[in-house]
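Peer 1: Sharing a model prediction with you, sequence too.
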Amino acid sequence: GAVVSQHPSWVICKSGTSVKIECRSLDFQATTMFWYRQFPKQSLMLMATSNEGSKATYEQGVEKDKFLINHASLTLSTLTVTSAHPEDSSFYICSAKKRGGVETQYFGPGTRLLVL
Amino acid sequence: SQKIEQNSEALNIQEGKTATLTCNYTNYSPAYLQWYRQDPGRGPVFLLLIRENEKEKRKERLKVTFDTTLKQSLFHITASQPADSATYLCALGRGGGSYIPTFGRGTSLIVHP
């Protein structure tokens, strides 16, 4: 199998607070993990790519100081939305690529963030 | 600029019929194309990958075609079932070590019993 989990599955927070989302590969080692954001009826927008033990690579237009990504181990990556604002409300999805794997990504179930 | 087009209107079909979804692209030379299924409030689930040198690929009731001349992929579900109702996303990748695909918006499929 290739199971990816995310925690929490949903979170509601006040504007100005920080929120941490965890992404774990449960039964494989993920050398690379990806973070996406998806708005209703829109496509997945890649935010950043993280490789274990190195700094994340952010897509153009994504603020790295606002969306902090840490990939401390081969099975865990975290996304922290700092000083969240209502416009950060979205569906955040992570995915992972197996070590030595080909092009297939395995997605987590997603985290729904609502900032009030 | 690169563009991936999937029909934004939902496809409604009757149970038992074949569902056909379309993915068109422009300004792109993909090395491979993937199809994913996404249920509401869930992450996408990988279904099939087809490479640029392949015309067709099958997996159980699923069939994917890839026409690089027309710049189009068709995704077929035969003998469709209500449980097949979901949004189907296509994603294109360049390959050559660049394994980050670009996703289309997806097409919603609704299979009526």
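Peer 2: On my side now, so go ahead. Numbering: from 1, shown residues only, chains lettered A, B, ... in the order given.
Peer 1: contacts, neighbours, all on C-alpha from now
Peer 2: Will do.
Peer 1: Only C-alpha atoms, please: export stretch A:62-76 in PDB.
Peer 2: Below are the C-alpha coordinates for stretch A:62-76, written out as PDB (Å, rounded to 0.1, in the frame of the first residue of the first chain):
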ATOM      1  CA  VAL A  62       3.700  31.500  -2.300                       C
ATOM      2  CA  GLU A  63       5.100  33.400   0.700                       C
ATOM      3  CA  LYS A  64       7.700  31.100   2.400                       C
ATOM      4  CA  ASP A  65       7.500  33.100   5.600                       C
ATOM      5  CA  LYS A  66       3.800  32.600   5.800                       C
ATOM      6  CA  PHE A  67       3.700  29.000   4.900                       C
ATOM      7  CA  LEU A  68       6.500  27.300   6.800                       C
ATOM      8  CA  ILE A  69       7.300  23.800   5.700                       C
ATOM      9  CA  ASN A  70       9.500  21.300   7.600                       C
ATOM     10  CA  HIS A  71      10.400  17.900   6.300                       C
ATOM     11  CA  ALA A  72      12.300  16.500   9.300                       C
ATOM     12  CA  SER A  73      12.100  12.800   8.500                       C
ATOM     13  CA  LEU A  74      11.300  10.400   5.600                       C
ATOM     14  CA  THR A  75       7.800  10.000   6.900                       C
ATOM     15  CA  LEU A  76       6.700  13.400   8.100                       C
END
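Peer 1: Check which residues of it are buried.
Peer 2: A:64, A:67-71, A:74-76 (16 or more other C-alpha atoms under 10 Å in any protein chain shown).
Peer 1: same deal with stretch B:76-83?
Peer 2: In stretch B:76-83, counting by 16+ other C-alpha under 10 Å, buried: B:76-78, B:80-81.
Peer 1: now do the same end-to-end measure for it.
Peer 2: With C-alpha to C-alpha, to the nearest Å as the measure, stretch B:76-83 spans 15 Å from end to end.
Peer 1: Do me a favour and average the pLDDT over that stretch.
Peer 2: Here stretch B:76-83 scores 97 as its mean pLDDT.
Peer 1: Any chance you could list what contacts it?
Peer 2: B:14-21, B:61-64, B:110-113 (C-alpha atoms under 8 Å, 6 or more residues apart in numbering or on different chains).
Peer 1: Check stretch A:85-96 too.
Peer 2: Contacts for stretch A:85-96 (C-alpha under 8 Å, 6+ apart): A:4, A:6, A:14-16, A:23, A:25, A:30-39, A:105-116, B:43.
Peer 1: picking that back up, could you tell me which of the buried residues of stretch B:76-83 are located in helices?
Peer 2: Judged by DSSP state H, helices contain none of those.
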